[in-house]
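>>> sequence plus predicted model, see below.
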Amino acid sequence: MEIGKKIHRIKSCPSTNDLAKELAKKGAQQGEVVVCDEQTRGKGTKGRIWHSVSGKGLCFSVLLFPSRSDLSLLPLAASVAVKDAVFQSLGILIELKWPNDLVYKGRKIGGILCESCFSGKKLNHSIVGIGINVKQSEDDFPADLQKNAGSLEMIIQKDIDKDQLLQSVCCELGKWYQRFLKNKDDHILKQYLEACPYHINDLLNANARGKPVTGLFKGLDKEGKMILEVKGKEKRFLSGELNIRDIKRGDK
């Protein structure tokens, strides 16, 4: 199985994840990729919209048929794959902000959204959606995002070939997907945590299920849940339950 061997190129679409779902229904094969120049209704986490400027971002989705149904670490494996591809292609070392953000010096330069389809308990397919800001300038982002968003070309100040970057990400994703299928969970978690901006015993201020919470970061569990020590007790949070506001560096 080779991810990216077949690529469907679309000028504009609401969401590449949705197109990939339609392809799955029509018998598309594992590893097929949908990439577009512009998403008009790109998806982020918690129902947010992923802002897309025509021709400047790399927005694509990968169709997968995993042989394991516990998919909690698939987004983390995909994140590590993107990190490796960006570093190998461009020499940029990005961080992986839990659960699905790609960041550089505090600015978000990309994100990952995995969606899966089940029939009862049977997994039909998974979609890994990846959005990377490549060619945007600061003025391309809405005013409320300009301080917190960035692009790869803003970092290295030179032209980037999006097709080459796509091929690099597909190659690395293929490697990390195989590790995921082989249950290399400890390796995935280790590599993810090494790229995470949170260090063990950092004090995190967050909103958890709509309420403020402060706790010491204690890592991620086997399901990719964040572990915080709150008032001496460990609590675990799913990706949709916790929003980190700020970090205070703690003792190693």
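Thanks, I have the structure now.
>>> can you map out the strands along the protein?
7-13, 33-39, 42-43, 49-50, 57-64, 95-97, 101-104, 107-119, 122-133, 203-208, 211-220, 226-230, 233-237, 242-248 (DSSP state E).
>>> what stretches of the stretch 1-150 of the chain score poorly on pLDDT?
1, 41-52 (pLDDT under 70).
>>> redo that, cut-off 90
1, 38-55, 121, 142, 144-146 (pLDDT under 90).
>>> tell me the gap between stretch 21-39 and the middle of its chain.
Centroid separation for stretch 21-39 versus its chain: 18 Å, with CA atoms, centre = their mean, to the nearest Å.
>>> got the buried residues for it?
21, 23-24, 28, 30-39 (16 or more other CB atoms under 10 Å). Any C-beta I mention is one placed from the backbone N, CA and C, and that applies to glycine too.
>>> then stretch 8-17?
His8, Cys13, Ser15, Thr16, Asn17.
>>> can you check stretch 155-169 too?
Quick answer for stretch 155-169 (16+ other CB under 10 Å): Ile155, Ile160, Lys162, Leu165, Leu166, Gln167, Ser168, Val169.
>>> what of stretch 84-97?
Going by 16+ other CB under 10 Å, stretch 84-97 has these buried residues: Asp84, Ala85, Val86, Ser89, Leu90, Ile94, Glu95, Leu96, Lys97.
>>> where's Leu74 relative to Lys26, distance?
Leu74 is 23 Å from Lys26, where distance means CB to CB, to the nearest Å.
>>> so Lys222 makes contact with Arg236?
No: using CB atoms under 8 Å, Lys222 makes no contact with Arg236, being 10.6 Å away.
>>> who has more neighbours, those two?
Neighbour count, other CB atoms under 10 Å: between Lys222 and Arg236, Arg236 has more, with 14 against 11.
>>> ok so, going back, among the strands of the chain, show me which one is buried the most.
strand 57-64 (a mean of 26; mean count of other CB atoms under 10 Å).
>>> that strand: how far from the chain's middle?
Per CA atoms, centre = their mean, the centroid offset for strand 57-64 relative to its chain is 11 Å.
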